[in-house]
Every structure is written in structure tokens, then in C-alpha cells.
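>>> okay, predicted coordinates and the sequence, questions at the end:
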Amino acid sequence: MKSGKEKENPIFSEYKLSGKVAKNRLVAQAMEINSATAGGGVGPEIIERYQQLSRGGWGIVFVEAISITDEYLARKNGLVINKKNLDGFKRLVDDFKKIDDKSLLMFQITHSGRKSGDFSNRIKAYDDDEEIPVVSESGLSEIRDLFMESAELAQKAGADGVDIKACHGYLLGEFFRPLNRRTDGYGGTVEDRGRLLASIISSIKDKLPDFIVGTRISLYEGIRGGCGTNGPDEVIEDLRDMLKVLSGIADAGVDFFNVSAGIPTITPNLTRPSEDSIFNLYHHFRYAKSVKDAFPDVATIGSAYSVGRGNAIEFATENVGKGYTDFAGFGRQNLADPLFPKKLMDAPHSKDSVNYFLLCGGCSGLLRKQKKVYCIKYGKKGTNNN
Ligand SMILES: Cc1cc2nc3c(=O)[nH]c(=O)nc-3n(C[C@H](O)[C@H](O)[C@H](O)COP(=O)(O)O)c2cc1C
């Protein structure tokens, strides 16, 4: 039973999102566990992980990066959404919703682009020094169709929505960069750099108006000419350019911006702050606030709260309470303790039962080595069942 004080805590309040309701403001961010069956299907470890997150009482749970194609893969055992794998995804949703049908479940759908592994094909958004082919205009229309089909499959599987992955250096996010000088309407100006994602979002919203459609972005990537700089030869953070790119995406009807930062293979401490870069968490707070200030009508989800450990809930309470973000997103904390929100609600004054993320980098190391991912401190090896 929650006390009056806990009931008033803004992080335990509901939020209306495109006709549906998130029961609280705590979000389990996408965390790849690299445990799909052959062909990218949903296997028992994946089912078990999302059942456990469903028991955890999160307002929103994002299912880890699911590729829209098996031709460009970042993980050897990553999930792939297609007709063949649909039954597995249906089972994932059914088993999740059987436990808690009030927790929103969304699929993160992605094209890995140049971040695909050396065991897979690679493609990039714009011309530069890397010896990787640039995606053609006709290739773009195939990619747009694949995102549309994947969203339809996600809806058929019973998901509440999709988080279109345009962060962390994956294909869609490359288009936003000032470095993208394409001349075919998909590069150059801020409008043209946002056009591909905006067109994907508006076609999904047109066809599936009741389906939640959001996107995860890296507001500042920390590379020269990258997202969050003001020109192809600038490295200093200046968010004005990126906020203009996002305004075309907001106009396309996006329901939420899931705000992240960095490119894990290049600026890892920006994406996932570690022991010696905890300060980057405050930059994440500022990134979410900048997006919320610019687009007050679009829901905002912040990232990287795990690093706050024992103080994370106070940070979330403050940021949601002050209107700096609508949701607080936890990545590594949801691997360390999938039951985190439930434990806080059941025993709000005793945080002792929570397994706090240890800043150890163990899960990132496993992912880098293309191994199955679990919390090396608290996870039961291979099961992700804490
Ligand atoms: C093992 C691992 C897997 C991840 N998988 C994804 C993913 O599938 N999609 C995504 O957008 N981010 C992914 N991330 C990034 C996290 O969602 C999150 O942004 C990052 O860990 C920082 O937040 P935190 O401090 O709360 O962990 C992953 C991170 C790790 C360590």
C-alpha cells in the first residue's frame, strides 16, 4: 500500500501517450541480450527476460533492438522482425501481458547501417572515408517500406508501439548529421536531413493511427560534424541544428522522443556513463530538458539514469516533477534488477532490496564480444533471471 507521499510522487503518476496510458514514468530502456534463435527468432531467454521485466512494474518496457532486415546485422544473435518470426514475437507479447497488461510494451526497430558487424553487409548514409557503400535513393525507399512492414508486424504481435532507432550511430541517425551532404532531398538542409525519418513516421501514423510511434535519438554524438554540432567541421556541442532537424520529425506526428547521446563504439562514456564519467549523467538531464523545452507537446524520455544508482530515483523525481522530462529511462539498471520499480513501490523507504547497477561494464563487455548478455553481478548466467 502506497503512503500519501508516495502517491504524490510524480514518477508514480500516469501519462497519456497516443490514446494509451503509461502507468508510471519509469522506463526500461532497450538492452540487447544477443540471445535470439537462428534467423533472429524469439527464444526462451528472451521470453524469460521480458516476463521478468513485466513483473517489475515499469511504465514502459522497450524490447531490445530488433532488426528490420536480416541482411544488415550488428549482433550475431540479434532479433529480426519478419513474417517467419512473428509467432515468437506474439508469444513474447502474450507472455508479458499475461503478467501485467498495464505495462506498455514497445518494440525498438532498427537498421544497423554501418554499425553492422563484419559478418554482415554494411551500408552508410553519406559519402566519407570509410569503404562502405552509400545507400541509394531506391535503397531508401526499400528501407522505408521495411520500417513500415516492421511496424505493422509489431502491431500484429500485440505491441503497444515502436521506438524507431535513430541513435548511437545506426543508419537513420546518420542522416541527421551536418556531415550528411546528400543532394537527393535526404541531406544538406536541416529539413532534408530529417526527411527520411519524418516520412517513415508519417506513413506509420497514417496507416496505424492508434499505434504509438516514437524515436530514439543521440542529441549530441561527440564527433566532428555529428548530431548536436552546428556544421560538418564543428565538434563543439551546439544543439540548435539538431533541434531544427527534430522539428520536422515532431511535425510528422512523432509521439515521443527517447533522448540518448553518443555512439557506443566511438564515444561510449557519453552513451553509457561509467565510474569515471558519472558527470555525463547531468548532460543527459540537459539533453532531455532541451528536447522537452523545444517540443512541449511530444513526450520525452531521458536516458542513462542507471548511473545515478541509489540517487537515481531522487533524480527522476526531480526531473519529472520540474517538467524537465516526462519519463526516466534505465538501461543497465533493468538488467541488474528487472524488478526495480516494483521494489521501490512495495518498500519505498527501504531501498535495500534493490540490486543497484555496479558500474562494472560487464554487460557492455559481453555485447562487444558478441556473447549472450546478462548482468555478471546479479544475473543467473544465460537466463537474465535475477
Ligand atoms: C548490453 C547493452 C545493450 C544495449 N542495447 C541497446 C539497444 O538494444 N538499444 C538501444 O537503444 N540502446 C541499447 N543500449 C544502451 C542503453 O539502452 C542505455 O542507453 C545505456 O546503457 C545508458 O543508460 P544506463 O546508464 O541507464 O544504462 C545498450 C547498452 C548496453 C550496456
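Yep, it's here. Numbers count the residues shown, from 1 in each chain.
>>> residue contacts, the residue in the stretch 151-300 of the chain that the ligand sits nearest to?
Taking C-beta to the nearest ligand atom as the measure, the point where the stretch 151-300 of the chain comes nearest the ligand is residue 272, at 3.8 Å. In short, each C-beta sits where N, CA and C put it, glycine included. Taking C-beta atoms under 8 Å, 6 or more residues apart in numbering, we find residue 272 in contact with 262, 264, 304, 306, 307, 331, 332, 364.
>>> repeat that for 10 Å
168, 260-262, 264, 280, 303-304, 306-307, 331-332, 359, 361, 363-364 (C-beta atoms under 10 Å, 6 or more residues apart in numbering).
>>> farthest-apart pair in those residues, please.
168 and 359 (19.7 Å; C-beta to C-beta).
>>> which of those two has more neighbours?
Each of residue 168 and residue 359 has its neighbours counted (other C-beta atoms under 10 Å); residue 168 has more, 26 against 16.
>>> pull the CA atoms of stretch 57-74 into CSV?
What follows is stretch 57-74, C-alpha atoms only, in CSV (Å, rounded to 0.1, in the frame of the first residue of the first chain):
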residue,chain,number,x,y,z
GLY,A,57,6.0,-2.8,-12.9
TRP,A,58,7.7,-0.5,-15.4
GLY,A,59,5.5,2.2,-17.1
ILE,A,60,7.1,1.4,-20.4
VAL,A,61,9.3,-1.5,-21.5
PHE,A,62,11.3,-1.4,-24.7
VAL,A,63,12.1,-4.6,-26.4
GLU,A,64,15.8,-4.5,-27.4
ALA,A,65,16.9,-3.5,-30.9
ILE,A,66,15.1,-5.7,-33.5
SER,A,67,16.4,-5.5,-37.0
ILE,A,68,14.0,-4.8,-39.9
THR,A,69,16.2,-7.0,-42.1
ASP,A,70,18.5,-10.0,-41.8
GLU,A,71,20.9,-8.5,-44.3
TYR,A,72,22.4,-5.8,-42.0
LEU,A,73,23.0,-7.1,-38.5
ALA,A,74,25.0,-5.7,-35.6
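>>> any idea what sits nearest the residue in the stretch 51-200 of the chain positioned nearest to the ligand, other than its immediate chain neighbours?
Proximity of the stretch 51-200 of the chain to the ligand (C-beta to the nearest ligand atom) peaks at residue 65, 3.5 Å away. In space, and not counting its chain neighbours, residue 65 is closest to residue 110: 4.7 Å by C-beta to C-beta, 6 or more residues apart in numbering.
>>> dihedrals phi and psi, the one you found?
When quoted as degrees, to the nearest 10, the phi and psi of residue 110 stand at phi -150, psi 150.
>>> residue 363 and residue 262, how far apart?
For residue 363, the distance to residue 262 (C-beta to C-beta, to the nearest Å) stands at 16 Å.
>>> more neighbours, these two?
Under the criterion of other C-beta under 10 Å, the comparison of residue 363 against residue 262 puts residue 262 first, with 30 against 23.
>>> excluding chain neighbours, what is closest to that one?
Closest residue in space to residue 262, ignoring its immediate chain neighbours: residue 270 at 3.0 Å, by C-beta to C-beta, 6+ apart.
>>> immediately after the one helix or strand the one you found maps to, which helix or strand?
Take DSSP states H and E as the rule and residue 270 turns out to sit in helix 268-271. Where DSSP H and E defines the elements, the next helix or strand beyond helix 268-271 is helix 280-294.
>>> could you list every helix and strand in contact with that following helix?
When contacts are defined as 3 or more C-beta pairs under 10 Å, 6 or more residues apart in numbering; DSSP states H and E, helix 280-294 sits against strand 212-218, helix 240-251, strand 256-260, helix 268-271, strand 299-302, helix 312-321, strand 327-330.
>>> could you export the ones you listed as JSON lines, including mean neighbour count and mean pLDDT?
Compiled in JSON lines, the helices and strands packed on helix 280-294 are given as follows (neighbours: other C-beta atoms under 10 Å; pLDDT from 0 to 100):
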{"stretch": "strand 212-218", "mean neighbour count": "27", "mean pLDDT": "98"}
{"stretch": "helix 240-251", "mean neighbour count": "20", "mean pLDDT": "98"}
{"stretch": "strand 256-260", "mean neighbour count": "29", "mean pLDDT": "98"}
{"stretch": "helix 268-271", "mean neighbour count": "21", "mean pLDDT": "97"}
{"stretch": "strand 299-302", "mean neighbour count": "27", "mean pLDDT": "98"}
{"stretch": "helix 312-321", "mean neighbour count": "19", "mean pLDDT": "97"}
{"stretch": "strand 327-330", "mean neighbour count": "29", "mean pLDDT": "98"}
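>>> tabulate these (TSV), appending distance to residue 75.
Below are the helices and strands packed on helix 280-294 laid out as TSV (distance: least, C-beta to C-beta, whole Å):
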stretch	distance to residue 75
strand 212-218	17
helix 240-251	26
strand 256-260	18
helix 268-271	16
strand 299-302	23
helix 312-321	27
strand 327-330	21
